[in-house]
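Q: Sequence first, then the predicted structure, then my questions.
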Amino acid sequence: MTTPEPTDQQSEVSSALFDELSWRGLISTTTGDTELKAAFEAGPITFYVGFDPTAPSLHMGNLVQLLTARRIQGYGHLPLGLVGGSTGLIGDPRMSGERVLNSADTVAEWVQRIRVQVEKYLDFTGENAAQIVNNLDWTAPMSAIDFLRDIGKYFRMGRMLAKDTVATRLKSDEGLSFTEFSYQILQGMDYLELNRRHGCTLQTGGSDQWGNLTSGTELIRKVSGAHVHALATPLITKSDGTKFGKTESGTVWLDPAMTSPYAFYQFWINADDRDVDHYLKVFSFRSRADIAALAESTALRPQAREAQRALASEVTTLVHGENATASVIAASTALFGRGDIAAVEGSTLEAALAATGFVEVTGELPNVVQLLQLTGLATSNSDARRTISEGGASINNTRVNDPDHVPLVGDLLHGRWLVLRRGKKSVSGVKVNS
RNA sequence: GGCAGGUUGCCCGAGUGGCCAAAGGGAGCUGACUGUAAAUCAGCCGCGCAAGCUACGGGAGUUCGAAUCUCUCACCUGCCA
C-alpha cells in the first residue's frame, strides 16, 4: 500500500497570496504548502495569530506577525487577533531560562494595552472584518479536572518532551517548571477552541512558535479528525549577526511612550544596506516593482540611502501615523543635515529637540560635563570627561575640548537652545530659561 | 542526609597572599575613514578633577597586606544515600 500521490491538479495549485508571502520571505515552515495554497484559494478562511502580554507593548517581532496577518486579510481572509490573557499568565518556555511570573493585575493591564495595539493593524470593517479574542475567556472557566481529562489526554509525553525548547531547557542547569512545560497544551487548546467557535483553520506565528503551532494542529486532528494549517514566518535576521529589533538602548517597542517615534525612525534609517531590501519586503506594503527600484538605488547610489528613507518613512507612518512621521523626518533633517545648525528655523529646531528629548535649565549655565549628565548623554562625571577628552562632545556642532567649558549666552540658538551631542548619533537639547 | 566542586566586572572567562580596578574574548563608547551603512584601524570601557574610594555571592575572621587563607550563611553542579 502506497501513500496516494497528490494529483497533478493538486500540485499545480497556485495561490497569489502564498506567492506573495513567499516572495516577501515570510514563509519558514508550513504544515503543507500544497494544502495551504489550496485552502487560501478555496475561499475565505478564518485564521488566527496570538500575542502574549509579556510586556506592556508589542515589539518588532510582533509587528512582523501583525503585518503578515494584514497581508493575509488583504486577500479576503478573516483574521482573529488573539491576546493571551491566560497564556500570558503562564509564559512560554524560552531557551534562556525560566520566566518570572507577572501578577494577574499586571497581565490584565498589558492585555488591554496590547489589544489596542493589535487593533491598529487589522481591518475591522467589511465582510472579512477582524475580531479580537482573549484566551482567558475559555481557559479561566475550565476546571483542572476538565483540563486534564478533556485536553491533557490527547497530549503524549514523548511528543511534549521532544519539543525543541523543552528539550533544551531540560538539559540546562535551570531545568523547566511544570508551569512552562504546560504552555504548549494551552496554546494547542486555543487553536482547538477557535476552530470550534469560529471555524478557524490556520494559525500563523514566528518560527520559534512552531512547536506551539503544531501542538494545536495535532490536537484538532485528534479531537475532530480535521486537518488544519499552520504557517511559521522566519526569524528576522541582521547581516552583522546581532539580534534584530534591538538597539544599544534595548528593545524597539511599538508604544511611542516606550520608544519615541524619533528613535523608531532612526532605527530604520540606520538599516544595513544588506538588510534593507529584506526589511522592505517584510515591513512595507510596497509593490515588487517599487522594491526592486529601491534595491537598484541601493546598489547604484548607496550614499543616497533612498531605500532606508523609504523604509523608515513607511514603517514609522504605519506605526505612529503621518503627523508623527513628518515631524520626525523634519527633526532628523535638522539634526543630521549638513547645513549650519544655527540656520535652522526656531520652530523646526524646537520640534527636533522635542523629538530627541531635552532638559530645561534655569539660571546660570552649567558646564559641558554637567550638561552631558543632565541630558543623560553621559552616565557619570567620569563618563562625560572621558567623552570630552576623546573628542566626542559638541555643542551646536562645535567640538568642545575643555571639560570646564561653559556655554555663553551668545551661543544660545534662538536665545534659548543648545544642541548637545555625544558622538555622531546621540543628540539632546538644552532649553535655557532666563 | 553524606562527599566533592563551584559562585569574579554588562556577558563569557583567567587569576589561588602584595606587581589586581583584576589577563583574554564578546558587547558597548569615542575618534579616523564614510553615506546617520558595513568593514578596517586607533583609543577608551567602576566612581572620583585629584588624593583616594568602592568592588571578585552575603557576613565574620587571620594577616602589615586577601578575589586569593579560615569560619559561617545562601545558592548552583556532580556523585553517593
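A: Great, that's in hand.

Q: ok now do the residue in the stretch 301-434 of chain A positioned nearest to RNA strand B, which residues does it touch?
A: Going by C-beta to the nearest atom of the strand, RNA strand B is nearest to residue A:423 of the stretch 301-434 of chain A, at 2.1 Å. To be clear about C-beta, it is placed using only N, CA and C from the backbone, and glycine gets the same treatment. Each residue near residue A:423 by C-beta atoms under 8 Å, 6 or more residues apart in numbering is listed here: A:387, A:392.

Q: confidence score at it?
A: Per-residue confidence (pLDDT) for residue A:423: 92.

Q: do the same with the one 4 residues further on
A: The score at residue A:427 is 92. That number is its pLDDT.

Q: number of nearby residues for it?
A: If you count neighbours by other C-beta atoms under 10 Å, residue A:427 ends up with 26.

Q: which SS state does it fall under?
A: Applying DSSP: H, G, I helix; E, B strand; the rest coil to residue A:427 yields a three-state assignment of strand.

Q: now do residue A:124
A: Counting by three-state DSSP, the backbone at residue A:124 sits in coil.

Q: So what touches the host helix or strand of residue A:335?
A: If you go by DSSP states H and E, residue A:335 is part of helix A:322-336. Under the contact criterion C-beta under 8 Å, 6+ apart, helix A:322-336 has outside partners A:256, A:261-262, A:264-266, A:269, A:313, A:316-317, A:320, A:341, A:344, A:348-349, A:351-356, A:419, A:427.

Q: what do you get for stretch A:387-401?
A: By C-beta under 8 Å, 6+ apart, the surrounding residues in contact with stretch A:387-401 are A:340-342, A:368-369, A:371-372, A:377-378, A:384, A:402-403, A:405, A:407, A:411, A:413, A:418-423.

Q: Out of those, which end up buried?
A: Buried by 16 or more other C-beta atoms under 10 Å: A:341, A:368-369, A:371-372, A:377-378, A:384, A:403, A:407, A:413, A:418-422, out of these.

Q: Where helices are concerned, which of these count?
A: Using DSSP state H, the subset of these located in helices is A:368, A:369, A:371, A:372, A:384.

Q: For those, name the two members farthest from one another.
A: For these, the farthest-apart pair by C-beta to C-beta is A:371 and A:384; their separation is 8.3 Å.

Q: okay if I get the ones in helices among the buried ones among the contacts of stretch A:387-401 as CSV plus pLDDT?
A: Below are these laid out as CSV (pLDDT from 0 to 100):
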residue, pLDDT
A:368, 94
A:369, 94
A:371, 94
A:372, 94
A:384, 94
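
Q: Give me the residue at the spatial middle of chain A.
A: In chain A, the centroid-proximal residue (C-alpha atoms, centre = their mean) is residue A:60; its distance is 1.2 Å.

Q: which one is it nearest to, not counting chain neighbours?
A: The shortest distance from residue A:60 to any non-neighbouring residue, by C-beta to C-beta, 6 or more residues apart in numbering, is to residue A:245 (3.4 Å).

Q: Quick check, that neighbour in contact with residue A:251.
A: Yes: using C-beta atoms under 8 Å, residue A:245 is in contact with residue A:251, at 6.5 Å.
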